[in-house]
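Visitor: here is a sequence together with a model predicted from it:
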Amino acid sequence: MTLQQQHCEACRADAPRITEQEARELRPQIPDWKQIEEDGEERLQRQFSFKNFAEALAFTNRVGDLAEDEGHHPALLTEYGKVTVTWWTHKIGGLHRNDFICAAKTDDLYEHR
Ligand SMILES: C[C@H](O)[C@H](O)[C@H]1CNC2=NC(N)=NC(=O)C2=N1
């Protein structure tokens, strides 16, 4: 089953961070995302481009709906013509499989915008 077809599991404080092996296997499904470290935490980040602010905001709201549906929430920076989406799991201060699932679903929203 692809990442896009999966759903997030409820975030738990004792949930295991994703292993480097798992991340290596999943990264090819989200090739446009980069893994960054911010505040000492691993995160997934991608910048999406748009014609103007209105389109950027519409996409932002769709990602917001996705987050509510999955019970898993990103950081969103919405600017004129671009939206930067950052996924990580607050409860474990790092990356969980959920973040890869949501990154893949975010790509889907962009491709079908
Ligand atoms: C109670 C609520 O489900 C939890 O606080 C969820 C909300 N959304 C979340 N989103 C993210 N990215 N990480 C979390 O740990 C998280 N926890």
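Guide: Arrived safely, thanks for sending. Keep in mind it's a predicted model, so treat the numbers as computed, not measured. Numbers count the residues shown, from 1 in each chain.
Visitor: the helix ranked longest in the chain near the ligand anywhere?
Guide: Longest helix in the chain, counting residues (DSSP state H): helix 53-70. No: shown here: helix 53-70 not in contact with the ligand (CB under 6 Å from any ligand atom), separated by at least 7.3 Å. For every residue, glycine as well, the C-beta is placed using N, CA and C.
Visitor: that helix packs against which elements?
Guide: Packing partners of helix 53-70 (3 or more CB pairs under 8 Å, 6 or more residues apart in numbering; DSSP states H and E): strand 75-79, strand 82-87, helix 97-111.
Visitor: tilt between the longest one and helix 53-70?
Guide: It stands for helix 97-111. Helix 97-111 runs at 140 degrees relative to helix 53-70, counting by axes from the mean of the first three to the mean of the last three CA atoms, to 10 degrees.
Visitor: which non-adjacent residue is nearest residue 49?
Guide: What sits nearest to residue 49 in space, not counting adjacent residues and going by CB to CB, 6 or more residues apart in numbering, is residue 82, at 5.5 Å.
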